[in-house]
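1. just the structure for this:
(one chain, ligands or ions: 2)
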Amino acid sequence: MKTLENIRIEVMQTIEKNIDSFIEKYLIPVEKIWQPTDFLPNSQKDNFLEEVTALRELSKELDYDLLVTLVADTITEEALPTYEAWLMNLNGVQQQENGWSKWISTWTGEENRHGDVLNKYLYLSGRVNMREIEITTQHLIKDGFDIGTGRDPYKNFVYTSFQELATYISHNRVAKLARKKGNFALAKMCKVIAGDEMRHHKAYSEFVKKIFEYDPSEMMLAFYYMMKNKIVMPAVFLRESNEKKGTAFTYFSDAAQRIGVYTALDYIDIMQKLINQWELEKIRGLTEEAERARDYLLKLPERMLRISERIVIPQQQHQFKWLNPL
Ligand SMILES: [Fe+2]
Ligand SMILES: [Fe+2]
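-> Residues are numbered from 1 along each chain as shown. Ligands and ions are numbered 1, 2, ... in the order given. Coordinates of the predicted model:
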């Protein structure tokens with residue numbers, strides 16, 4: 001008898017046959033895609049210092065919570081080694097000579113530009129304690145994450161479908177807030193990152209959709225499992241220097257909620273979007289257990305919405321070591 005794990009590997013191998021067309025459809029060739037320098041003062045140019053001065057002037061307008069969010073978003077992007085290592089370890093992905101590993105490394109190459117551009121912006125802005133940020137980044141990579149998916153590709157693709165959309169939303173909102181402050185350079189950076197996240201989201205969402213065709217019941221159960229246990233944010237272990245693992249995450253999350261960059265409502269909204277994209281109601285041939293999982297999933301957004309009405313976001317700002325005193 002085939003184990004569930006073996007069936008997963010077979011499904012992964014089937015989808016892998018078309019990996020080149022996915023790469024072509026959802027990722028952009030290196031020479032054609034934007035690079036951080038396109039959005040930052042170019043240090044080879046004579047007007048570099050003037051551009052930096054202008055950048056610093058405009059960054060003075062960024063509020064405390066917005067800066068906290070921008071810093072934490074940057075650190076989350078900078079912890080990319082954790083995500084790449086995690087994905088490379090999935091069942092059905094081998095590190096060499098495998099279509100999936102090609103997907104992951106090409107995706108990683110694109111993602112790497114996000115932390116790069118934001119980090120350079122923050123460094124030039126003069127608004128943050130870069131050394132403290134670097135310490136947090138190093139801690140976060142060292143601490144890793146545990147998103148409760150194990151090596152299961154189904155659960156992981158639910159996770160990445162969800163997360164890419166979550167990062168799309170948050171970068172896009174930061175872009176809007178920056179634009180409101182007249183900071184068009186920062187707005188452009190965040191906007192272009194959001195564009196990448198959306199493309200990535202569409203890709204992972206399509207992988208899940210394909211898996212639903214081949215292995216509907218197990219895919220449904222994986223989606224159920226991830227939603228029931230809740231999506232853990234990649235920066236859940238965020239900490240500042242000399243603090244315990246995870247202590248900074250809630251403060252960051254509160255800041256992001258206060259300014260409406262990423263809220264409980266967004267979480268529910270993403271869930272609903274995934275349910276719609278994967279056309280849960282139309283899926284046929286489910287086992288009894290998977291039918292029950294679908295019922296649960298279809299009702300979940302409504303249920304969470306009722307709970308979310310009771311959530312109170314703390315208004316007290318935390319003094320981060322990343323930023324100057326409040
Ligand atoms: Fe990213
Ligand atoms: Fe992403």
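2. how much space between residue 250 and ligand 2?
-> 23 Å (Cβ to the ion, to the nearest Å). In short, each C-beta sits where N, CA and C put it, glycine included.
3. and that residue, how many neighbours?
-> Counted with other Cβ atoms under 10 Å, the neighbours of residue 250 add up to 13.
4. for the helix or strand hosting residue 303, the averaged confidence score.
-> Counting by DSSP states H and E, the element that carries residue 303 is helix 288-308. Helix 288-308 shows a mean pLDDT of 97.
5. assign a three-state SS to the residue nearest to residue 186 when sequence neighbours are not counted, would you?
-> Distance criterion Cβ to Cβ, 6 or more residues apart in numbering; nearest residue to residue 186, sequence neighbours excluded, is residue 178 at 4.1 Å. When classified by DSSP: H, G, I helix; E, B strand; the rest coil, residue 178 comes out as helix.
6. is it true that residue 178 touches residue 194?
-> No - if you go by Cβ atoms under 8 Å, residue 178 and residue 194 don't touch, sitting 11.8 Å apart.
7. out of those two, which sits in the more crowded spot?
-> residue 178 (24 against 20).
8. quick one, what contacts the more buried one?
-> Applying Cβ atoms under 8 Å, 6 or more residues apart in numbering to residue 178 gives the contacts 62, 66, 184, 186-187, 190.
9. what distance do you get for it to ligand 1?
-> Distance from residue 178 to ligand 1, by Cβ to the ion: 17 Å.
10. tell me the buried residues in the host helix or strand of residue 272?
-> Assigned by DSSP H and E, residue 272 falls within helix 264-277. Neighbour-count burial for helix 264-277 flags 264, 266-275, 277 (criterion: 16 or more other Cβ atoms under 10 Å).
11. and the closest residue to residue 155 other than its chain neighbours, which of the three is it?
-> Among residues not flanking residue 155 along the chain, residue 149 sits closest, at 3.9 Å (Cβ to Cβ, 6+ apart). Three-state call for residue 149 (three-state DSSP): coil.
12. which residues does residue 149 contact?
-> Residues near residue 149 by Cβ under 8 Å, 6+ apart: 155-156, 158-159, 226.
13. burial measure for residue 290, as a count.
-> 20.
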